[in-house]
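> Next input, structure requested:
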Amino acid sequence: MPLASVVIVFGLFEAALSFPLQSQVSAPPRADNYPLSGVVVDEKKAPLVNAELTFLRDGRTIAVLRSSETGTFAFDSPFLGEIQVVARRLGYKARTTTLNLDVRPSTELLTIVLETVPSEVAALIVTAGGGRLAQFYEHRKQYAFGRFMDREEIEKSNVRLASDLFRAVPGASLRASRRYGNTIRLRGCQPIVWIDKVPIRDVELDEVAVPEEIAGLEIYTSSMTVPAQYMDRGGRSCGAIVVWTRIN
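Numbers count the residues shown, from 1 in each chain. Have a look, this model is predicted:
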């Protein structure tokens, strides 16, 4: 063995002897597939199908899955201790649930209740026809001062969060949200979010939409570029994010 290798190995061994407790504490406690099961429901306790569930530990994603036709889900956590479960579905506000997994698995079913956003959104998602995207393409031709992304461009971006689509948008800045995902600021201001022509105020895009659900995206980075129909009636001089959802 070369001399340099001997010195490195000896140094690592000496460090391990000097700080045995520190090394033990920093290593995350592992579990033998801690079983966790639950159900995602709305405010009326009706099960929500195809809700996205993101499992995180220390801010890092460890798994992503979707609820079944009965709203249920099952996940075998490789870790003990504290984890977060973020549940999202189009038309509902995202919800983060913090769990402290014990050594003994719980037999209780975790119930996650999602709060609906304005009822008009759900109605439009169900009733709107495929021709509605004609407005998106019409706007792309009409408003040269906006930024537009269609379904093909969104798929090519291969992002996990809708906010990640803004990383290359001039005037947009992203910061980690305290709730979930990222906050989006357009020239330092929080834009209003529109989903299928319905305004949803005081929410972040990651809380109400995922890339897989977006058919078209319109971005207006300042109040001077926002079309009249997307102006914030609340009086804030910010930009706007307009989301056109997919109809499955």
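
> contacting residues for residue 206?
Going by C-beta atoms under 8 Å, 6 or more residues apart in numbering, residue 206 touches 94, 161-163, 177, 180-182. The way it works is simple: take the backbone N, C-alpha and C, and place the C-beta from them, glycine included.

> Recalculate using a threshold of 7 Å.
Contacts of residue 206 were listed using C-beta atoms under 7 Å, 6 or more residues apart in numbering, and they are 161-163, 177, 180-182.

> Chain neighbours aside, what residue packs nearest to residue 117?
residue 200 (5.4 Å; C-beta to C-beta, 6 or more residues apart in numbering).

> Helix, strand, or coil at the most centrally placed residue in the chain?
Centroid-nearest residue in the chain, with C-alpha atoms, centre = their mean: residue 206, separated by 4.4 Å. Classification of residue 206 by DSSP: H, G, I helix; E, B strand; the rest coil places it in helix.

> try residue 168
From three-state DSSP, the assignment for residue 168 is coil.

> So it versus residue 147, what's the distance?
Distance of residue 168 to residue 147, given as C-beta to C-beta, to the nearest Å: 9 Å.

> thinking again about what came up before, pick out the most distant pair among the contacts of residue 206.
162 and 177 (12.1 Å; C-beta to C-beta).

> Which one of these two is surrounded by more residues?
Neighbours were tallied for residue 162 and for residue 177 using other C-beta atoms under 10 Å; the higher tally belongs to residue 162 (26 against 17).

> so that one touches residue 207, yeah?
No: if you go by C-beta atoms under 7 Å, residue 162 and residue 207 don't touch, sitting 9.5 Å apart.

> and the closest residue to residue 93 other than its chain neighbours, how many neighbours does it have?
Distances taken as C-beta to C-beta, 6+ apart place residue 115 nearest to residue 93, at 4.9 Å, with adjacent residues excluded. By other C-beta under 10 Å, 10 other residues sit near residue 115.

> if we can go back for a sec, quickly note the distance from the residue nearest to the centre of the chain to residue 162.
For residue 206, the distance to residue 162 - C-beta to C-beta - is 6 Å.

> Which other helices and strands does the longest strand seen in the chain contact?
As assigned by DSSP state E, the longest strand anywhere in the chain is strand 30-41. On a contact count with 3 or more C-beta pairs under 7 Å, 6 or more residues apart in numbering; DSSP states H and E, strand 30-41 meets strand 72-79, strand 110-113.

> Worst mean pLDDT among these?
Ranked on mean pLDDT, the bottom entry among the helices and strands packed on strand 30-41 is strand 72-79, at a mean of 92.
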